[in-house]
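Asker: the following block contains a protein sequence and its predicted model.
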Amino acid sequence: MTPHIATRRTFLAASATGIAGLPVGASLAAESTGRNSAGGTAKSTILFFLCGGASHIDMWDLKPKAPREYRGPFEPIATSAPGVMLSEHLPMLAQQAHHIALLNSVGATVNTNDHHAGYYHNLTGHVPDLSFRTLGNNRTPFPDDWPFMGSVVGAKRPRHEFLPNAITLPHSPSRKPYTRPGQFAARLGVEHDPLYLSGTHEEPLKFQAPSLQLQAGIDGPRLTARRELLGAIDEARYQFEQSAVTRTWTQQQERAISLLASTGTANAFDVAQEPEAVRKRYGESINGMSLLLARRLAEAGVPFITVFWLGEGIGSPTAKKCKSAGSWDTHGSNFACLKDNLLPIFDRSFSALVEDLADRGMLDETLLMITSEMGRKPKIGDPRSGGVEGAGRDHWTHILTDVLAGGGIRGGQTYGTSDRVGEYPADNPIMPADVTKTVYHAMGIHDLEARDRQNRPYNLLPEGSAITELF
C-alpha cells in the first residue's frame, strides 16, 4: 500500500470525528479534571432536539382559556406532579412528570423567524448575528461561529477512554447544502466536533459512523501495521507537523484508529443487545432507538449525547400532510400531525427514557434536555397552507418551552409563564443563554475560558446565568 492511500483512508476515518470540514481553532485553556464539585450531579447530558419547531402551546403550555383561534382542540391533563399539566396526547410522559421541569418562558431576540437562526440560538446560547438576517436559510455554518454546547461540555470534561466526548445521532440536520449552524465546535476547533452516527427509518436498530467502518479483510494486526506506517510517514514530515493544524490532525489520526480498534465502540452502538421488552417500551422507531442508544452511551460515560429528531423526509405522507419536511414544522394540519404522527412516537420514546434512567438509578447523574429551534405561532392559520382552514401553525421564534430532567434538577415543577395566549414570556423570562448556562452548571462546568489562535483568552458564553432555582 502506498503512503498516499494509507493517509487518505485514515483521513476518511478521522473525518468522522470532526477533522474534515472546518478549519482548526485554538484549544481550550483548561479542562475539568473530575466529577462535579459544584452545581448539578450530571456526568452526562442527553439533548433531544425536536427538529422543525415543536408547538409549545399544544404540548407543554396549553391555554384552555384563550380564545378558540389560539388554543386549538387539545386539552391539558393532570400528571404525576401536582400543578404540572401536559397535553392530553402525552399520557405516558404525564406519568413521569414528577421527574421533569418545564421552562415555559424561554424567549428570544431572533426576528428572522427561520430555522437556521433558531438552531444556532438554542444550541449555542448565543444570539444570532446580522448574517442570519441577511442570509436566512442560506446561512450555513461558519468557522468562527460560537460553539455548540455539546462541544463545550466535551472539551471541558476529561477525555473518554475509548469514545468521543460528544456524539450526535441519528443524523446531522439538515440536508446539504442547508446544514444547520450551531451543531459544531466552530471556533473551539474541529477536534471538539461531535462524532456523528447515522441511522435510518428502514433499519432503526442499526447505527454507524460510515467512516469508522473497517474495510473487508482489514483485521486487528493490519490496523496496527497501518498505525506503524502512519508513524513513519509522520516522522518523515516532522517539520511540517509543528503547525497547530497538523498537530490536531495527528491527534485525530490516533483517535480514529483507537475507535476502530476498540471493541467497546461497537458494543456501545449496538442497541440490538437490549432486551426486546426494553426496545418495545421505547418503540422501535428510529427516534425511539436513538434515545435508547443515547441511554447506552450515557451508561458508557459519554459526556454529551445529542439526538436530532429524524423526520420522514420531504415527499413522505407525513411531510405532505404537515406541509413541511416531515418533522415538527407543522405549517399545515398542525393538530392532526401532532395527534397522529408526532406525539405518539415522542410520548412513548421520551417517557421510556425518563423511566428507564430512573429505574436504573441513572437519572441523578444524567441531565435530560428537550428543546427546538422555535415554538409555533399561537394564532392558528398559516397563509402558506390555506390560512385558518389549513389548521397549521407558522414559525414563532419569540417563545418556546424547554424541558429539563435529572442531573440534580428538581422534578415536578414549572418555571416561568407565558402570556395569556402563549405569544411572549411573562413571569421569570429567560433566554437560551440562561438554559445553556444551566446545562453547564448541571455538568459542573464553570470555567468557560478558551483561547483564540493568538492565545488570547475569551469567554465561551459571557451572557446568561444558570437557573439555580431549578436544582
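Answerer: That came through, no problem.
Asker: end-to-end on stretch 180-188?
Answerer: Stretch 180-188 has its terminal residues 17 Å apart, counting by C-alpha to C-alpha, to the nearest Å.
Asker: next one: that stretch to chain centre, how far?
Answerer: When C-alpha coordinates are averaged (C-alpha atoms, centre = their mean, to the nearest Å), stretch 180-188 and its chain have centres 12 Å apart.
Asker: quick one: the helices in the stretch 351-471 of the chain?
Answerer: Taking DSSP state H, counting those that start in this stretch, the helices of the stretch 351-471 of the chain run over residues 432-442.
Asker: all strands of it, in order?
Answerer: All strands of the stretch 351-471 of the chain, identified by DSSP state E, counting those that start in this stretch, fall at 366-371, 375-376, 395-396, 399-405, 413-415, 449-451, 457-459.
Asker: now the angle from the first one to strand 399-405?
Answerer: In this structure, strand 366-371 runs at an angle of 170 degrees to strand 399-405, with axes from the mean of the first three to the mean of the last three C-alpha atoms, to 10 degrees as the basis.
Asker: picking that back up, mean neighbour count, the strands of the stretch 351-471 of the chain: which tops it?
Answerer: Of all those, strand 375-376 has the most neighbours on average by mean count of other C-beta atoms under 10 Å, namely a mean of 30. All C-beta spots, glycine's among them, are computed from the backbone N, C-alpha and C.
Asker: partners of whatever helix or strand Ile46 lives in in the sheet?
Answerer: With elements delineated by DSSP states H and E, Ile46 resides in strand 44-49, which encompasses its position. Using DSSP bridges, the neighbouring strands of strand 44-49 in the sheet come out as strand 304-308 (parallel), strand 366-371 (parallel).
Asker: is it possible to get a markdown table of those strands that adds mean pLDDT?
Answerer: Putting these into a markdown table (pLDDT from 0 to 100) gives the following:
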| stretch | mean pLDDT |
| --- | --- |
| strand 304-308 | 98 |
| strand 366-371 | 98 |
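Asker: let's have these in JSON lines, adding distance to Pro317.
Answerer: Putting those into JSON lines (distance: least, C-beta to C-beta, whole Å) gives the following:
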{"stretch": "strand 304-308", "distance to Pro317": "21"}
{"stretch": "strand 366-371", "distance to Pro317": "25"}
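Asker: hang on, the earlier thing: now do the strand holding Ile46: distance to the chain's middle.
Answerer: Average the C-alpha atoms of strand 44-49, do the same for its chain, and the two points are 6 Å apart (C-alpha atoms, centre = their mean).
Asker: and the helix or strand just after that strand, C-alpha only, in PDB?
Answerer: If you walk from strand 44-49 toward the C-terminus, the next helix or strand you reach (DSSP H and E) is helix 56-59. Output for helix 56-59, consisting of C-alpha atoms alone and laid out as PDB, is shown next (Å, rounded to 0.1, in the frame of the first residue of the first chain):
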ATOM      1  CA  HIS A  56     -45.100  24.700  22.700                       C
ATOM      2  CA  ILE A  57     -48.800  25.700  23.000                       C
ATOM      3  CA  ASP A  58     -50.000  22.200  22.100                       C
ATOM      4  CA  MET A  59     -47.500  20.200  24.200                       C
END
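Asker: list the helices and strands helix 56-59 packs on?
Answerer: For helix 56-59, the packing partners by 3 or more C-beta pairs under 8 Å, 6 or more residues apart in numbering; DSSP states H and E come out as strand 86-87, strand 375-376, strand 399-405.
Asker: if you set the cut-off to 7 Å instead, what comes out?
Answerer: strand 375-376, strand 399-405 (3 or more C-beta pairs under 7 Å, 6 or more residues apart in numbering; DSSP states H and E).
Asker: can you pull the buried residues of the helix or strand hosting Asn287?
Answerer: Assigned by DSSP H and E, Asn287 belongs to helix 286-299. Neighbour-count burial for helix 286-299 flags 286-298 (criterion: 16 or more other C-beta atoms under 10 Å).
Asker: which stretches of this protein have low pLDDT?
Answerer: 1-39, 210-264 (pLDDT under 70).
Asker: rewinding a little: could you dump the strands of the stretch 351-471 of the chain into a markdown table with distance to Val271 added?
Answerer: Listed next are the strands of the stretch 351-471 of the chain as a markdown table, based on distance: least, C-beta to C-beta, whole Å:
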| stretch | distance to Val271 |
| --- | --- |
| strand 366-371 | 17 |
| strand 375-376 | 31 |
| strand 395-396 | 34 |
| strand 399-405 | 21 |
| strand 413-415 | 32 |
| strand 449-451 | 35 |
| strand 457-459 | 38 |
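Asker: so which of those comes closest to Gly72?
Answerer: The closest approach between Gly72 and any of the strands of the stretch 351-471 of the chain, judged by C-beta to C-beta, belongs to strand 375-376 at 9.9 Å.
Asker: who does that closest one pair up with?
Answerer: Pairing partners of strand 375-376, with direction, according to DSSP bridges: strand 395-396 (antiparallel).
Asker: next one: the partner strand to chain centre, how far?
Answerer: On C-alpha atoms, centre = their mean, the centre of strand 395-396 falls 20 Å from that of its chain.
Asker: now swap in stretch 195-203 and tell me
Answerer: Taking C-alpha atoms, centre = their mean, the mean C-alpha location of stretch 195-203 is offset from the chain mean by 15 Å.
Asker: end to end, how far does that stretch reach?
Answerer: Start and end residues of stretch 195-203 are separated by 20 Å (C-alpha to C-alpha).
Asker: just to revisit the earlier point, which other helices and strands contact the helix holding Asn287?
Answerer: If you count contacts as 3+ C-beta pairs under 7 Å, 6+ apart, helix 286-299 packs onto strand 44-49, strand 166-169, helix 263-269, helix 276-282, strand 304-308, helix 343-359.
Asker: got the buried residues for the last one?
Answerer: Which is helix 343-359. In terms of neighbour count (16+ other C-beta under 10 Å), helix 343-359 has its buried residues at 343-358.
Asker: which one of the residues you listed is nearest Ala185?
Answerer: Using C-beta to C-beta, the shortest approach to Ala185 within the buried residues of helix 343-359 belongs to Leu353, at 25.7 Å.
Asker: would you check how far apart the closest one and Ala426 are?
Answerer: Per C-beta to C-beta, to the nearest Å, Leu353 is found 30 Å from Ala426.
Asker: do Asp129 as well
Answerer: For Asp129, the distance to Ala426 (C-beta to C-beta) stands at 28 Å.
Asker: repeat for Asp329
Answerer: Taking C-beta to C-beta as the measure, Asp329 falls 26 Å from Ala426.
Asker: which residues sit against the helix holding Asn287?
Answerer: Helix 286-299 has contacts (C-beta atoms under 7 Å, 6 or more residues apart in numbering) with 44, 46, 48, 167, 169-170, 199-201, 204-205, 207, 268-269, 271, 274, 279, 282, 305, 307, 309-310, 345, 348-350, 353, 356-357, 362, 366.
Asker: rerun that using 8 Å as the cut-off
Answerer: Contact partners of helix 286-299, identified using C-beta atoms under 8 Å, 6 or more residues apart in numbering, comprise 43-44, 46, 48, 163, 167, 169-170, 197, 199-201, 204-205, 207, 268-269, 271, 274, 278-279, 282, 305, 307, 309-310, 345-346, 348-350, 352-353, 356-357, 360, 362, 366.
Asker: start to end distance for stretch 352-366?
Answerer: Start-to-end span of stretch 352-366 (C-alpha to C-alpha) is 14 Å.
Asker: how far does it sit from its chain's centre?
Answerer: 18 Å.
Asker: that older thread, among the contacts of helix 286-299, name the buried ones.
Answerer: By 16+ other C-beta under 10 Å, those give 43-44, 46, 48, 163, 167, 169-170, 197, 199, 204-205, 207, 268-269, 271, 274, 279, 282, 305, 307, 309-310, 345-346, 348-350, 352-353, 356-357, 362, 366 as buried.
Asker: that's all I had, so thanks and see you.
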